[in-house]
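**Q** Sequence and predicted model, in that order:
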Amino acid sequence: MVNRKAIKTEYLIIGNSAGGIGAAEAIREVDKTNSITIVSDESYPAYSRPLISKCLAGERGIDAILFRPADFYSRNDIDLILDRKVESLKLDRRIAQLEGSEQIVWKKLLVATGGVPIIPRMKGAHKKGVFTFLTFKDAIEIDEFLRNGSQALVIGGGLIGISVTEALTKRGVAVTVVEMKDRVLNTILDETASAIVEETLKQAGVRVITNQTVAEVTGREYVNGAILDSGERVSCDLIIIAIGVLPRTELVSSTDIKVNRGIVVDRCMATSYPDVYACGDAAEAYDFVYGVNRLTPIWPNAYIGGRVAGFNMAGVCTEYCGGTAMNSLNYFGLDIATAGVVVPPDDRHWEVVSQRSNGAYRKIILGDDIVMGMVFVKDIEKSGMIFSLMRDRVNVSNFRQALLADDFGLAYLPRELWQERLGAVPSGSVSVVGMPAKAEEPVADE
């Protein structure tokens, strides 16, 4: 029997970030009346996780990073349950058990639980002054711990690590970054681009240590330093673990839902269990570059995947076109745009087109005349158009040499591509390869 305290809902969404909000919006576009319930173990309405570094830097408060207006839930008749954790799922009875005795009975379910920080094995990780950096709560706790003259050690030179490093630097904190691999941002940049970023960090006063890890956190109750695996001691009173995230799949791990590294979903974002969907960092969804399901834990993919799930939950058959690793960011004043394959593996023939001048670096990776990846540093104006070619799987064989031209624009493309994008070839432009156009460029995807 269902518990007397059970809440009944048509649509249950576990997770209140990009994917969950995208699903709720899609459902409401189709279904104006049936109930939607969102459960989150955080205490705040949906906010933009990529912007928590702005809060730590003192540039924004929680109200300035809200993903949707404060009245979003009431306007869309959404029952929001905050600061509560879903402990288990009984799929055969369609019951979600919350902490305590309360239960939610659902008809359609979306698991949008996101990710959890990777915590390395090291002595002393429990000491006061050791933090992760994934949520707004993390930013608040770090802010409260900071004091004049603080010295921080950031473990991890990836996206999260460099983001928190910039925020701390803006607060006047001396930062040392320790990266296990041989270069920073190694998963999204190639060696040349990583070197540019590392030099930018050093110019900002950040010490960068590569090819090492933290073996031990020193201090009695509070952090007073760290010992690297090389034996070197680094003084600090604050340590932030920013290695990355793992898919948060524990809620479904003991169920019949198929899980690989993440929750496996099809092109409708449906799991292997009827009426249960998944999206975002917790899910393995289709990657259009690699042509297989992969983890692509970035904000836009989570939101779009959530919308696809929401439409299908509401009965509108919708297919996820696929996402890929894609980042458009600015660290220490340095613009970076990157997507897809950035370091070609040796399993097939690849062609690389690159250019470096005036401190800028641009690189495009081609496979069988299709754009498979790109890296743009400093000069990213054309990155949006290159990404569009990659997303649409456009054969660039007739204009590959023009891809990095300063005046590269739509008029370089064959006439049929003009017609697909704009409906007609604009007057004053020609479709002859090599002839520059003055047509307005498409806005870069971010």
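**A** Good, I have the coordinates.
**Q** can you map out the strands along the stretch 1-150 of the chain?
**A** 7-14, 36-39, 78-81, 86-90, 95-98, 103-111, 115-117, 130-132 (DSSP state E, counting those that start in this stretch).
**Q** ok, then the element right after the lengthiest helix in the chain?
**A** In the chain, with assignment by DSSP state H, the single longest helix is helix 299-313. Under the assignment DSSP states H and E, the closest C-terminal helix or strand after helix 299-313 is strand 326-331.
**Q** per the record, what domains does this protein have?
**A** The chain breaks down into these domains under automatic domain parsing: 7-44+56-115+249-313, 119-243, 341-422.
**Q** quick check: mean pLDDT across the shortest one?
**A** Averaged across domain 341-422, pLDDT comes to 85.
**Q** Please shift the residue numbers so they start at 310 in all later answers.
**A** Sure thing, new numbering starts at 310, so read that last one as domain 650-731.
**Q** gap between that domain and the chain center?
**A** 22 Å (CA atoms, centre = their mean, to the nearest Å).
**Q** got the CA coordinates for stretch 545-558 in CSV?
**A** Coordinates of each C-alpha in stretch 545-558 appear next as CSV, following Å, rounded to 0.1, in the frame of the first residue of the first chain:
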residue,chain,number,x,y,z
CYS,A,545,48.2,27.0,2.3
ASP,A,546,45.3,27.4,4.6
LEU,A,547,42.7,26.5,2.1
ILE,A,548,42.4,23.5,-0.3
ILE,A,549,39.8,23.2,-3.0
ILE,A,550,39.3,19.9,-4.7
ALA,A,551,38.3,20.6,-8.3
ILE,A,552,39.2,17.4,-10.2
GLY,A,553,35.8,17.0,-11.9
VAL,A,554,32.5,15.3,-11.4
LEU,A,555,31.1,11.7,-11.6
PRO,A,556,27.6,11.0,-12.7
ARG,A,557,25.2,10.8,-9.8
THR,A,558,23.6,7.5,-10.4
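**Q** Just name the most buried of the domains of the chain.
**A** The highest average neighbour count among the domains of the chain, using mean count of other CB atoms under 10 Å, belongs to domain 316-353+365-424+558-622 at a mean of 20. For the C-beta atoms, the positions are set from N, CA and C on the backbone; glycine is no exception.
**Q** and that domain, how far apart are its ends?
**A** 19 Å (CA to CA, to the nearest Å).
**Q** Do you know the pLDDT at Val463?
**A** Val463 is assigned a predicted lDDT (pLDDT) of 98.
**Q** Just list the residues touching it, thanks.
**A** 470, 473-474, 477, 484-487, 548-549, 551 (CB atoms under 8 Å, 6 or more residues apart in numbering).
**Q** let's see it at 7 Å
**A** Residues near Val463 by CB atoms under 7 Å, 6 or more residues apart in numbering: 470, 473-474, 484, 486, 549, 551.
**Q** before we move on, what about Gly589?
**A** Contacts for Gly589 (CB under 7 Å, 6+ apart) come out as 324, 326-328, 421, 423, 611, 614-615.
**Q** now, which of those residues sits nearest Asp499?
**A** Taking CB to CB as the measure, Asp499 sits nearest to Ala611 out of these, at 25.5 Å.
**Q** Which pLDDT value belongs to that closest one?
**A** Reported pLDDT for Ala611: 96.
**Q** hang on, Asn621 packs against Thr627?
**A** Yes: the pair Asn621 / Thr627 is scored as a contact, 5.6 Å apart, by CB atoms under 7 Å.
**Q** which residues are in contact with both of those two?
**A** Joint contacts of Asn621 and Thr627 (CB under 7 Å, 6+ apart) are Cys577.
**Q** re the thing from before, now render the domains of the chain as a markdown table, adding distance to Asp644.
**A** Compiled in a markdown table, the domains of the chain are given as follows (distance: least, CB to CB, whole Å):
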| stretch | distance to Asp644 |
| --- | --- |
| domain 316-353+365-424+558-622 | 17 |
| domain 428-552 | 11 |
| domain 650-731 | 5 |
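**Q** Tell me which of the ones you listed lies nearest to Phe641.
**A** Between Phe641 and these, the tightest spacing by CB to CB is seen for domain 428-552, at 5.0 Å.
**Q** Disregarding flanking residues, what is the spatial nearest neighbour of the residue nearest the centre of the chain?
**A** Nearest residue to the geometric centre of the chain (CA atoms, centre = their mean): Ile607, 1.9 Å. Distance criterion CB to CB, 6 or more residues apart in numbering; nearest residue to Ile607, sequence neighbours excluded, is Met635 at 6.1 Å.
**Q** any idea how far Leu498 is from the one you found?
**A** 13 Å (CB to CB, to the nearest Å).
**Q** just to confirm, which helix or strand has Val474 in it?
**A** In this structure residue 474 is Thr, not Val. Assigned by DSSP H and E, Thr474 falls within helix 468-479.
**Q** again, but for Leu462
**A** strand 460-464.
**Q** now do Ala648
**A** strand 643-649.
**Q** quick one, that strand and strand 635-640 angle?
**A** 170 degrees (axes from the mean of the first three to the mean of the last three CA atoms, to 10 degrees).
**Q** can you pull the buried residues of strand 643-649?
**A** 643-649 (16 or more other CB atoms under 10 Å).
**Q** how far off helix 468-479 does it point, in degrees?
**A** Here strand 643-649 runs at an angle of 170 degrees relative to helix 468-479 (the same axes, to 10 degrees).
**Q** what's the spacing between Met622 and Gly571?
**A** For Met622, the distance to Gly571 - CB to CB - is 19 Å.
**Q** scratch that, Asn325 is what I was asking about
**A** For Asn325, the distance to Gly571 - CB to CB - is 19 Å.
**Q** before we move on, what about Gly331?
**A** Taken as CB to CB, the span from Gly331 to Gly571 is 17 Å.
**Q** ok, the closest residue in space to Val585 that isn't next to it in sequence - contacts?
**A** Spatial nearest neighbour of Val585, excluding adjacent residues (CB to CB, 6+ apart): Leu418 at 4.8 Å. Each residue near Leu418 by CB under 7 Å, 6+ apart is listed here: 321, 584-586.
**Q** now do Ile536
**A** Contacts of Ile536 by CB under 7 Å, 6+ apart are 524-525, 527, 542.
**Q** all strands in the stretch 560-709 of the chain, in order from the N-terminus.
**A** 572-573, 585-587, 592-596, 601-603, 635-640, 643-649, 660-666, 669-676, 679-686.
**Q** Which one, of these, ends up nearest to Lys317?
**A** Taking CB to CB, strand 585-587 is the member of the strands of the stretch 560-709 of the chain nearest to Lys317, at 17.1 Å.
**Q** quick one: least confident helix or strand in the protein?
**A** helix 724-731 (a mean of 57; mean pLDDT, DSSP states H and E).
**Q** From Met683, how far out is the nearest residue to Asp677 once chain neighbours are set aside?
**A** Take Asp677 and drop its neighbours on the chain: the residue closest to it by CB to CB, 6+ apart is His658, 7.9 Å away. The gap separating His658 from Met683 is 18 Å, by CB to CB.
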